[in-house]
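Peer 1: all I have is the shape, not the residue letters:
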């Protein structure tokens, strides 16, 4: 898998203190993206889910979970799903950021089992592209008001999109 980098402790990329893996490669090219260096699929560096898990095991005990950000994690869905599965094996949760909307990912999952696997391994999905004209700094864990925080366990259980409340 190809990643742009990692942040070992973050409080802005999902609930609690998180270990963040930034995927390399992104097709969305959102205007004023905060990580444009992640767009080039040939950038960053190669690693493996196994190596990332080895590093995550060394993270402070205060880490609640792992966030998959980017770039676009769904461009490497198989590798990200494997990483997420291993993260769950450590007893941690998984937040996945994507520029796709959930409904499009569901359609993609019908043709690509890896997309379905990453959706299955995601606890909280922050979906939708960053839209400069909808920028809202008051929102938790996202940059523009079109982006949703989807509780994936509840969504799977109820068969419809269930949003996470925007307050702690």
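Peer 2: Done, it's in. All values derive from a computational prediction rather than experimental measurement.

Peer 1: got any ranges where the protein has weak pLDDT?
Peer 2: 166-168 (pLDDT under 70).

Peer 1: which residues in the chain form helices?
Peer 2: Ranges of helices in the chain, per DSSP state H, are 49-57, 77-89, 102-111, 113-120, 152-158.

Peer 1: distance-wise, check residue 132 relative to residue 163.
Peer 2: Taking CB to CB, to the nearest Å as the measure, residue 132 and residue 163 are separated by 23 Å. Using the backbone N, CA and C atoms, a C-beta is placed for each residue, glycine as well.

Peer 1: now stretch 152-160: buried residues?
Peer 2: Going by neighbour count (16 or more other CB atoms under 10 Å), the buried part of stretch 152-160 is 152, 155.

Peer 1: just how off-centre is that stretch within its chain?
Peer 2: 18 Å (CA atoms, centre = their mean, to the nearest Å).

Peer 1: run through who's touching that stretch.
Peer 2: With CB atoms under 8 Å, 6 or more residues apart in numbering as the test, stretch 152-160 has contacts from 102, 119, 120, 122, 123, 124, 125, 161, 162.

Peer 1: could you list every helix and strand in contact with the lengthiest strand in the chain?
Peer 2: Secondary structure assigned by DSSP state E gives strand 2-10 as the longest strand of the chain. Judged by 3 or more CB pairs under 8 Å, 6 or more residues apart in numbering; DSSP states H and E, strand 2-10 is in contact with strand 17-23, strand 45-46, helix 49-57.
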